[in-house]
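A.B. asks: dropping a prediction and its sequence here:
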Amino acid sequence: MSRRDIGTDDPRVRVRPGKGSRPRTKKRPSFAHAEPGMVIAVDRGRFTVALGANRMVQAVKARALGRKGVIVGDRVGVEGDTSGTPDTLARIVTLEDRQTILRRSFDESEAGAREKLIVANATQILIVVAARDPEPKRGMIDRAIVAALDAKVTPLLAVTKTDLDSAQELIADYEAIGITVFALNRDLYEPAVPALALAETCSQTAPAPTVARGLVALQKQLTGEITVMLGHSGVGKSTLVNALVPGANRATGTVNEVTGKGRHTSTSAVALPVAAQGWLIDTPGVRSFGLAHVDAAGLLRGFPELYAIARDCPRGCTHGADSPDCLLDEHPELALRLASFRSLLTEIPPAY
């Protein structure tokens, strides 16, 4: 065997053997026997995966997935020890294509808006606000509706603490645009105001809600669906989860009397089995919900009543406050919604 030329004849120099020239095999594992499951929690590189109805396993991401991120709601394939017994660990080896991805923009940087993926494969988003303590923020509701419709996820609205305030105008406004609303009081099992009484007390100019829906109706709405709960801290999300999922034991908090803001009690998203073959994903309370990942057309679709009118606007109309001949300005009854839309429009990155 000829000696490899190393550029010196000094016998004291030791030569490392060269790498083999055998080509890398193209054969890859098929993972045909991987057990299907859904990711229900993520904690510092460890994933809790539900396999069937009653078996949960701890898993890590296999090298075969590369840099693919795994989030709550992902449908995955798992191999290894899938018994679910303590101190065992499985591997996530496959990741199915996501049907929906709910996301929000959470920061601005020199590179542009950064996005945070919230959950995968959700079919509904339950936007939770309090009628009072803290006060409901319509801007937050509108942002979440836009994000939901952009992700092709059905938006729902739950108004808690209606024993403190009936929130009849808020309920009427969102039911008028086709959003299903659930009015809940502190005991969570009955509407705070009977449907007939609520309709009679609404103003003549505002449409009356069709019904004040309570917890029983909400439970039916969750059947067979993957529902994400979203809302500010302090609005009662954890209390609602405990009512919907007996034994969930989610920590509950109070509202700061000085700032009027709630304290975080949920620190990470977690999916809980609810109703019949349904999942309820509790997420940490959000301070803001950016929409920089949505374009202007997607934002407009998030306001269905404005979208129906804007289709007849002059070509090239931006629907902004300075747009000449914009038909949206001819509907004073939609002034509140139009102001919300135009406020959000200023946050959308321009198209180039």
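C.D. replies: Good, I have the coordinates.

A.B. asks: low-scoring stretches of this structure, by residue?
C.D. replies: Of all residues in the chain, those with pLDDT under 70 make up the ranges 1-7, 15, 17-28, 106-113, 186-213, 250-267, 287, 350-352.

A.B. asks: and for residue 35, the neighbour number?
C.D. replies: A count of nearby residues for residue 35, using other Cβ atoms under 10 Å, gives 17. C-beta here means a position set from N, CA and C on the backbone, and glycine is covered the same way.

A.B. asks: tell me the SS of residue 57?
C.D. replies: Secondary structure, DSSP: H, G, I helix; E, B strand; the rest coil: residue 57 is strand.

A.B. asks: so where do the helices sit in the stretch 251-352 of the chain?
C.D. replies: Listed in chain order, the helices of the stretch 251-352 of the chain (DSSP state H, counting those that start in this stretch) span residues 296-301, 304-310, 335-345.

A.B. asks: redo those helices as a markdown table? Include mean neighbour count and distance to residue 114.
C.D. replies: Shown next, in a markdown table, are those (neighbours: other Cβ atoms under 10 Å; distance: least, Cβ to Cβ, whole Å):
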| stretch | mean neighbour count | distance to residue 114 |
| --- | --- | --- |
| helix 296-301 | 18 | 18 |
| helix 304-310 | 17 | 28 |
| helix 335-345 | 17 | 18 |
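
A.B. asks: make JSON lines from the ones you listed and add distance to residue 9 to it.
C.D. replies: Output for the helices of the stretch 251-352 of the chain, formatted as JSON lines (distance: least, Cβ to Cβ, whole Å):
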{"stretch": "helix 296-301", "distance to residue 9": "71"}
{"stretch": "helix 304-310", "distance to residue 9": "82"}
{"stretch": "helix 335-345", "distance to residue 9": "76"}
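
A.B. asks: so which of those helices is nearest residue 71?
C.D. replies: With Cβ to Cβ, the closest approach to residue 71 among the helices of the stretch 251-352 of the chain belongs to helix 296-301: 21.3 Å.

A.B. asks: remind me what that closest one packs against, helices and strands.
C.D. replies: Where contact means 3 or more Cβ pairs under 8 Å, 6 or more residues apart in numbering; DSSP states H and E, helix 296-301 is packed against helix 138-150, helix 304-310, helix 335-345.

A.B. asks: which of those sits closest to residue 92?
C.D. replies: Go through the helices and strands packed on helix 296-301 one by one with Cβ to Cβ and the one that ends up closest to residue 92 is helix 138-150, at 26.7 Å.

A.B. asks: I'd like to know how many residues surround residue 243.
C.D. replies: Here the number of neighbours of residue 243 (other Cβ under 10 Å) works out to 17.

A.B. asks: use 15 as the first number from now on
C.D. replies: Noted, 15 is the first residue going forward, which turns the last one into residue 257.

A.B. asks: next one: it from residue 251, what distance?
C.D. replies: Going from residue 257 to residue 251 by Cβ to Cβ, to the nearest Å gives 11 Å.

A.B. asks: bridging residues for the nearest residue to residue 243 once chain neighbours are set aside?
C.D. replies: Residue nearest to residue 243 in three dimensions, not counting chain neighbours: residue 140, with 4.9 Å by Cβ to Cβ, 6 or more residues apart in numbering. In this entry, residue 140 is beta-bridged to residue 170, residue 243, by DSSP bridges.

A.B. asks: who touches residue 140 in this structure?
C.D. replies: 170, 171, 172, 241, 242, 243, 244 (Cβ atoms under 8 Å, 6 or more residues apart in numbering).

A.B. asks: was I right to think residue 161 contacts residue 303?
C.D. replies: Yes. Under the contact definition of Cβ atoms under 8 Å, residue 161 touches residue 303, with a separation of 6.9 Å.

A.B. asks: more neighbours, those two?
C.D. replies: Between residue 161 and residue 303, counting by other Cβ under 10 Å, residue 161 is the more crowded of the two (27 against 21).

A.B. asks: ok, now which ones touch that one?
C.D. replies: Contacts for residue 161 were tallied using Cβ under 8 Å, 6+ apart; they are 116, 117, 118, 139, 303, 305, 308, 316.

A.B. asks: by neighbours, which of the residues you listed wins?
C.D. replies: Neighbours were tallied for each of the contacts of residue 161 (criterion: other Cβ under 10 Å), and the maximum of 28 neighbours falls on residue 139.

A.B. asks: ok, now how distant is it from residue 64?
C.D. replies: Noted for residue 139: a distance of 20 Å to residue 64, by Cβ to Cβ.

A.B. asks: quick one, which of the helices of the stretch 265-366 of the chain gets closest to residue 236.
C.D. replies: Among those, helix 318-324 comes nearest to residue 236, with 23.3 Å by Cβ to Cβ.

A.B. asks: that older thread, with distance to residue 285 added, can I get the contacts of residue 161 in CSV?
C.D. replies: Supplementary listing: the contacts of residue 161 in CSV, determined by distance: Cβ to Cβ, whole Å:
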residue, distance to residue 285
116, 13
117, 17
118, 18
139, 14
303, 20
305, 25
308, 25
316, 25
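
A.B. asks: just those: which are in strands?
C.D. replies: 116, 117, 118, 139 (DSSP state E).

A.B. asks: what's the closest of those to residue 228?
C.D. replies: The closest of the ones in strands among the contacts of residue 161, once distances to residue 228 are taken by Cβ to Cβ, is residue 139, at 19.6 Å.
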